[in-house]
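In: take this sequence and fold it.
(chains A and B)
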Number of protein chains: 2
Amino acid sequence: MDWDATRPGEVEGPAPMRADAALTFIGRIRTPFATRDDCPRRGAADGPLCRIEVEAPWRPALQGLEGQRWIEVLYWMHLARRDLLVQVPRGRAPLGTFALRSPVRPNPIATSVVEVVAVEADAVLVRGLDCVDGTPLLDLKPARERDRPAPPVA
Amino acid sequence: MDWDATRPGEVEGPAPMRADAALTFIGRIRTPFATRDDCPRRGAADGPLCRIEVEAPWRPALQGLEGQRWIEVLYWMHLARRDLLVQVPRGRAPLGTFALRSPVRPNPIATSVVEVVAVEADAVLVRGLDCVDGTPLLDLKPARERDRPAPPVA
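Out: Next comes the predicted model:
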């Protein structure tokens, strides 16, 4: 699959030009998915084990994470183009980028809530991620679903 | 309140030094909260109306968002320091940054799921945000709670 092709009906915008803030990659996510073609369309709670490796300077920040059953993982979809305003998902009508969870977006930050399997000194083991092996890690935080309204299943 | 003071028991790490990726601010969030002291501890579904302003180049990406009832808003907590590894929330024991949803973290990206009140040509009106007025917007996407396991209320 050509991940970077623009399909009929899609609308390109400006590639982001301004660097308004800088991200620091704090680790890497190890998954069994070597390429984007290998990745599932979305994660699953019973999916394969994934290892979230945290770089040395940030490991002290894992303290207490073992008390969390569900965490939110933020990562950077480093392979995605960033300039599409309107996209045409396969077999669907065109939709604006903000109406889709496609990796293609101005700031390609993914959010995923996953179950913690184990917390090690330098890594967190989880199930349910769907990203490519080596994806840069941005953040880990406790999932706080209890504070969120429960949307209807659409 | 002195937001940038380090409390006894807190551990400072390196301020992020590497700029591994660049973010582009795609808009601003207007809220009734002029300062951090004015912000509620967390958002509420029946909170005040907030206006998510989207900059001109990205407005075409709103197409189809009016079909979403719940969206996930990602924003940049631009006032937060980024270098604390262990924090001491008021009245609690020290905890690692990744075990907290504090704004203070290496990449201060907030995620919030809120109900859509209206979609305009240049903005989205929602309820339930808790950030300071003028907070930079990073992303909007449909909430996909149905794909997430429902964590227990702890």
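In: check contacts around residue A:121.
Out: A:59, A:62 (Cβ atoms under 8 Å, 6 or more residues apart in numbering or on different chains). Every residue, glycine included, has its C-beta placed from N, CA and C.
In: could you verify that it is part of a strand?
Out: No - according to DSSP: H, G, I helix; E, B strand; the rest coil, residue A:121 belongs to no strand; its state is coil.
In: element containing the residue nearest to residue A:4 when sequence neighbours are not counted?
Out: Leaving aside its sequence neighbours, residue A:4 sits nearest to residue A:81 (Cβ to Cβ, 6 or more residues apart in numbering or on different chains; 5.6 Å). Under the criterion DSSP states H and E, no helix or strand holds residue A:81.
In: with residue A:85 instead?
Out: strand A:84-87.
In: tell me the mean pLDDT for that strand?
Out: The predicted model assigns strand A:84-87 a mean pLDDT of 96.
In: in chain A, which spans are strands?
Out: Using DSSP state E, the strands of chain A run over A:11-12, A:21-23, A:27-30, A:49-54, A:70-76, A:84-87, A:95-96, A:109-119, A:123-127, A:135-142.
In: possible to save those as a markdown table with distance to residue B:45 and mean neighbour count?
Out: Below are these laid out as a markdown table (distance: least, Cβ to Cβ, whole Å; neighbours: other Cβ atoms under 10 Å in any protein chain shown):
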| stretch | distance to residue B:45 | mean neighbour count |
| --- | --- | --- |
| strand A:11-12 | 33 | 14 |
| strand A:21-23 | 29 | 19 |
| strand A:27-30 | 32 | 21 |
| strand A:49-54 | 31 | 21 |
| strand A:70-76 | 19 | 22 |
| strand A:84-87 | 30 | 22 |
| strand A:95-96 | 25 | 20 |
| strand A:109-119 | 19 | 20 |
| strand A:123-127 | 28 | 21 |
| strand A:135-142 | 20 | 23 |
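In: would you list the ones you listed in TSV and tack on distance to chain B?
Out: What follows is the strands of chain A, written out as TSV (distance: least, Cβ to the nearest Cβ, whole Å):
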stretch	distance to chain B
strand A:11-12	6
strand A:21-23	4
strand A:27-30	10
strand A:49-54	8
strand A:70-76	4
strand A:84-87	4
strand A:95-96	3
strand A:109-119	5
strand A:123-127	8
strand A:135-142	4
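In: one step back: remind me what the strand holding residue A:85 packs against, helices and strands.
Out: Secondary-structure packing of strand A:84-87 (3 or more Cβ pairs under 8 Å, 6 or more residues apart in numbering or on different chains; DSSP states H and E): strand A:11-12, strand A:95-96.
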